[in-house]
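J.: pasting the sequence and the predicted model now:
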Amino acid sequence: MKNSTVLPHARTKDLVIRELGDETLIYDLANDQAHCLNETAAFVWKSCDGKTTAAKTARDMGRVLRVPADIGVVWLALEQLERIDLLENYRKPSDAHLVSRRDLMLKYAPAALALPVIMSITAPTAAQAASCVCATGCCPGFRCSFSTNTCVPN
């Protein structure tokens, strides 16, 4: 494996980013998706500046987060970040030896919580989130209850 492989750039356009304790919440305005990155995934994403190498990120992550400094963890995080469109121009290096989350969990069982985790949800569109209001009429199958000024089932 070539340890000098430079990480890609983290995508920052059309994103709302909030730090909450050890987690980083990212809302993707372009895709209407919300992502919660654990500390490890966020560390790798923040290291994606187009200059830092995967090996350096692994070393820094081990030092700062006190987790195993395994380059496989960095590659796993990059694959996850690419899957949810948070990287620009990422191409998996042909010499990158990717390992599975399962392999890393077996290797680092006591520190399994240090593996990158990203949870994502898709936000409803405005039309899906709209509710029926009597003032503008009720949705099909509903009628207006004038006593409460709300839509109720027929």
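T.: Okay, I see it. Numbers count the residues shown, from 1 in each chain.
J.: do a quick rundown of the strands in the chain.
T.: 9-10, 15-20, 23-28, 33-37, 87-88, 118-122, 142-145, 150-153 (DSSP state E).
J.: which residues are in contact with residue 15?
T.: Contacts for residue 15 (Cβ atoms under 8 Å, 6 or more residues apart in numbering) come out as 26, 27, 28, 29, 86. For glycine as for every other residue, the C-beta is placed from the backbone atoms N, C-alpha and C.
J.: show the pLDDT at the last one.
T.: In this prediction, residue 86 carries a pLDDT score of 96.
J.: which residues touch it?
T.: 10, 11, 15, 26, 28, 35, 45.
J.: roughly how far does the first one sit from residue 52?
T.: Meaning residue 10. 11 Å (Cβ to Cβ, to the nearest Å).
J.: compare these two (neighbour count), which wins?
T.: Using other Cβ atoms under 10 Å as the criterion, residue 10 and residue 52 rank with residue 10 on top: 20 against 15.
J.: among the contacts of residue 86, which one sits closest to residue 145?
T.: Ranked by distance to residue 145 (Cβ to Cβ), the contacts of residue 86 are led by residue 28 at 38.5 Å.
J.: ok so, going back, any of the contacts of residue 15 buried? List them.
T.: Neighbour counting by 16 or more other Cβ atoms under 10 Å classes 26, 28, 86 among these as buried.
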